[in-house]
Each structure stands twice: as structure tokens, then as C-alpha cells.
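Q: Using only what follows, build the 3D model:
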Amino acid sequence: MRYLTRLLILLSILLSFSTANADWKSLSTGSGQVAVASLTAPATASGIAVTGACAFHGIVVTTDGANDITINIFDNTAASGTRLLPTDTIVRGINRTWTYELDPAIWCTTGIYVEISVAGGGSCSWQVHYDQ
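A: Numbering: from 1, shown residues only. Reported below is the predicted structural model:
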């Protein structure tokens, strides 16, 4: 079951890369090509994922396998402003890997800030999928 979940996550990410914002002229490189979607470096604490205007495609969270995680994501460079997920989204720690993908992406004007906390002093890591 674990391998099937990982395969589905990988397929989801690959599909979103291949169809990411092909019609967004604001992301054009000037040669008629569209910028390639990216993943941020893995992070383990709350912080700024992306600064500046961008398209939010989703987030991948890896848990410690035991402790639940609470996530809030904002169109901002701080933990305030327009929310990109429902307030206090809970990820069950036993899930190990949780993916939230959007198609079409959400356009952000300021950036993407991820506020994350782990119950019970556990750990997690996250990566944001975006275009800029």
C-alpha cells in the first residue's frame, strides 16, 4: 500500500509538471515557452517558500509516521493574508506522505508562506510545488 501511495503521488506531480500553466502568458519567457514548475527545497519549519508573484500548485508533506501536523498556507511573506488552504488543515501523522495538488493553480501576488506545527514535538518536512 505504501508503494502504491508513493506511485500515485509521483504520477500526480509528473502530470502537473506536464500541464502546468501552458496558457499563462504572464509566465512566458518571451520565446513563447512557459516557465517550468518547481519544487522548493525540503523545509522542516514554518517559513517563506516563495517570494514574489507565483502560481501555487500544491504542497507535499512527509510526516514522522506518528504525530499529526497542522498546516496553514498564505499568499504572503508572513503568517497572514489570503489563505491558500482551509484554516488549520490537519494531516494525520500516520499517513507518512500527504499531497495537496491544485489544477488549475492559485495565482499568488506576494509569495507563499507555510505555517506548520507538529503535535507531540514530532518532525516533518514539506515542499511547495509552484511556478514563478
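Q: show me what contacts residue 117?
A: Applying CB atoms under 8 Å, 6 or more residues apart in numbering, we find residue 117 in contact with 46, 69, 70. Heads up, the C-betas are built off the backbone N, CA and C, glycines and all.
Q: Now flag whichever of these is closest to residue 80.
A: residue 46 (12.3 Å; CB to CB).
Q: neighbours of that closest one, just the number please.
A: 16 (other CB atoms under 10 Å).
Q: What of residue 114?
A: 24.
Q: what does residue 70 give?
A: Count around residue 70 with other CB under 10 Å applied: 14.
Q: Mind listing the strands whichever strand or helix holds it pairs with, and their directions?
A: Per DSSP states H and E: residue 70 is located in strand 69-75. Here strand 69-75 has these sheet partners by DSSP bridges: strand 82-83 (antiparallel), strand 89-91 (antiparallel), strand 111-118 (antiparallel).
Q: These into TSV, with extra columns for distance to residue 102?
A: What follows is the strands paired with strand 69-75, written out as TSV (distance: least, CB to CB, whole Å):
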stretch	distance to residue 102
strand 82-83	13
strand 89-91	13
strand 111-118	12
